[in-house]
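Peer 1: sequence and predicted model, in that order:
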Amino acid sequence: MSSGEQAEWFFESDFGVDIRCGIKARLLHEGRTKFQEMRIYEHELLGKVLVLDDIIQTTSSDEFFYHEMFVRVPLLGHPRWGEAERELDVLIIGGGDGGILREVLRYPKVRRVTMVEIDGEVVEFCQRYLGFNGDYDDPRVELIIGDGAAYVSGAAPASFDHCIIDSTDPGGPSMVLYTKEFHEHVRTLLKPDGSMVRHMGVAFHHHAIYRPILTEIQDLFPRLQVYRNSIPAYVGGDMAFACATKDGHAIHEPQAEDPGRFYNAEIHRASFAMSEWWKQHYLPEPR
Ligand code: SAM
């Protein structure tokens, strides 16, 4: 179907759950990149929708529910956030739609952002069609089109305050971002009080996949905290975020107020409340 035609239905099939967007969607772009099938729709309710290998990645209507919680919780939750002279070096793995970059760049104390995204076409087409990306021309930004696993294996030890991993779900090019070796390399590149944060799927659908990975991360770091948030475009309930800290600092108490279009201090704190289901089915067994 050429771009511009009315597409009646859009299907996503995620772990055996077919999601059919019954509201009209217009196909804006379709093509296979070097790594994945990319489609971009315009949807009456969801706005612009990025789809990679048939999985919704992000939408313009609710991207900030995700990107604000992904970035502001670990950054504002760091106990040293308020130290005026503290400047931050941040590493982003993935995040080709540019939403994480936008959230990170909002803070003047961020001195340097290195973003390693494997697929340059995702960056290009998201800039062109979605438009909620951070400024790649900001002098603090180094955009590297490459494999995040290769990058972390060669990164200088103790060189980043935060590593934010916004990758696709395990599969294809992102498989290498879910291994113990990858997490060990991330731990090495973090400064002594650094943190690694990553999304860990929609808990109800993906707990069998992610729980073992969470357990492995818990074994590598003195503290692992999981928080959750509901993102309407990701069907199946709350999405999980996992934050591991190298010195064991906790991040559940915001050190500053920085309300966004979604984030605020109350939701920061509340996102760490865990139901009995999450404790029994999703969180790793306590050490
Ligand atoms: N919000 C989405 C989610 O929850 O799944 C993720 C969005 S972002 C578009 C995911 C990005 O990870 C994609 O742009 C993809 O190209 C990138 N990616 C996948 N494997 C990668 C790798 N090995 N190194 C760097 N980036 C990778």
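Peer 2: Ah, there it is.
Peer 1: enumerate the residues of the stretch 151-287 of the chain near the ligand.
Peer 2: Within the stretch 151-287 of the chain, the residues that sit near the ligand (Cβ under 6 Å from any ligand atom) are 166-169, 173-174, 176-177, 199. Any C-beta I mention is one placed from the backbone N, CA and C, and that applies to glycine too.
Peer 1: now, which of these lie within strands?
Peer 2: 166, 199 (DSSP state E).
Peer 1: need the residues of the stretch 151-287 of the chain next to the ligand in JSON lines with neighbour count, can you?
Peer 2: Shown next, in JSON lines, are those (neighbours: other Cβ atoms under 10 Å):
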{"residue": "Asp166", "neighbour count": "26"}
{"residue": "Ser167", "neighbour count": "22"}
{"residue": "Thr168", "neighbour count": "21"}
{"residue": "Asp169", "neighbour count": "22"}
{"residue": "Pro173", "neighbour count": "20"}
{"residue": "Ser174", "neighbour count": "21"}
{"residue": "Val176", "neighbour count": "18"}
{"residue": "Leu177", "neighbour count": "22"}
{"residue": "His199", "neighbour count": "22"}
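Peer 1: turn the residues of the stretch 151-287 of the chain next to the ligand into JSON lines, columns for pLDDT and distance to Cys243.
Peer 2: Converted to JSON lines, these look like this (pLDDT from 0 to 100; distance: Cβ to Cβ, whole Å):
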{"residue": "Asp166", "pLDDT": "98", "distance to Cys243": "13"}
{"residue": "Ser167", "pLDDT": "97", "distance to Cys243": "16"}
{"residue": "Thr168", "pLDDT": "96", "distance to Cys243": "20"}
{"residue": "Asp169", "pLDDT": "93", "distance to Cys243": "19"}
{"residue": "Pro173", "pLDDT": "95", "distance to Cys243": "24"}
{"residue": "Ser174", "pLDDT": "97", "distance to Cys243": "19"}
{"residue": "Val176", "pLDDT": "98", "distance to Cys243": "21"}
{"residue": "Leu177", "pLDDT": "98", "distance to Cys243": "16"}
{"residue": "His199", "pLDDT": "97", "distance to Cys243": "11"}
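Peer 1: from the residues of the stretch 151-287 of the chain next to the ligand, which is closest to Met38?
Peer 2: Closest to Met38 out of these is Thr168 (11.2 Å), distances taken as Cβ to Cβ.
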